[in-house]
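Enquirer: need a 3D model of the sequence below.
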Amino acid sequence: HFCEHMVFLGSKKYPKEDEFSDKLAFYGGTNNAYTASDQTVYFAEVDDKGFDETFDIFAQFFIEPSFSPKMVDKEVNAVDSEHKKNMA
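Expert: Have a look, this model is predicted:
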């Protein structure tokens with residue numbers, strides 16, 4: 001689940017943490033992800049005009065993710081918060 005969060009925060013080619021979300025917003029797209037006990041699923045949808053550029057950003061998350069050390073604490077807290085909410 002932690003990795004699910006971290007991959008969305010940039011890659012070597014696109015190091016800006018909000019590059020993907022900015023492009024999705026620009027082209028009217030959406031995305032989401034979830035982690036189950038046996039799989040992690042990523043979803044993205046974007047207008048045809050923005051597909052090539054946005055898909056390249058998305059693909060780079062899995063080719064060479066940055067896993068920025070400065071984001072670790074924030075994402076650990078986000079995952080922990082989600083877990084606690086789901087356990088309530």
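
Enquirer: and the longest helix seen in the chain, how far out from the chain middle?
Expert: Using DSSP state H, we find that the single longest helix of the chain is helix 72-87. Averaging C-alpha positions (C-alpha atoms, centre = their mean, to the nearest Å) puts helix 72-87 15 Å from its chain's average.

Enquirer: what sits up against that helix?
Expert: Applying C-beta atoms under 8 Å, 6 or more residues apart in numbering, the set of residues contacting helix 72-87 from outside is 1-2, 5-6, 9. To be clear about C-beta, it is placed using only N, CA and C from the backbone, and glycine gets the same treatment.

Enquirer: show me those residues that map onto strands.
Expert: With strands defined by DSSP state E, no entry of the contacts of helix 72-87 lies inside them.

Enquirer: for this protein, which spans come out with low pLDDT?
Expert: Across the chain, no stretch falls below the confidence threshold (pLDDT under 70).

Enquirer: what comes up buried for the strand or helix carrying residue 22?
Expert: Element membership for residue 22, per DSSP states H and E: helix 19-26. Buried residues in helix 19-26, counting neighbours by 16 or more other C-beta atoms under 10 Å, are found at 19-21, 23-24.

Enquirer: what does it contact?
Expert: Outside of helix 19-26, the residues that reach it under the criterion C-beta under 8 Å, 6+ apart are 8, 10, 14, 16, 29-31, 44, 46, 50, 53-54, 57-58, 61.

Enquirer: just the ones of those residues in helices?
Expert: Among the contacts of helix 19-26, DSSP H puts 53-54, 57-58, 61 in helices.

Enquirer: count the residues that sit near residue 81.
Expert: Residues contacting residue 81 under the criterion other C-beta atoms under 10 Å number 10.

Enquirer: gap between the residue nearest to residue 61 when sequence neighbours are not counted and residue 52?
Expert: Excluding the flanking residues, the one nearest residue 61 by C-beta to C-beta, 6 or more residues apart in numbering is residue 7, at 4.1 Å. Computed as C-beta to C-beta, to the nearest Å, the residue 7 to residue 52 distance reads 20 Å.
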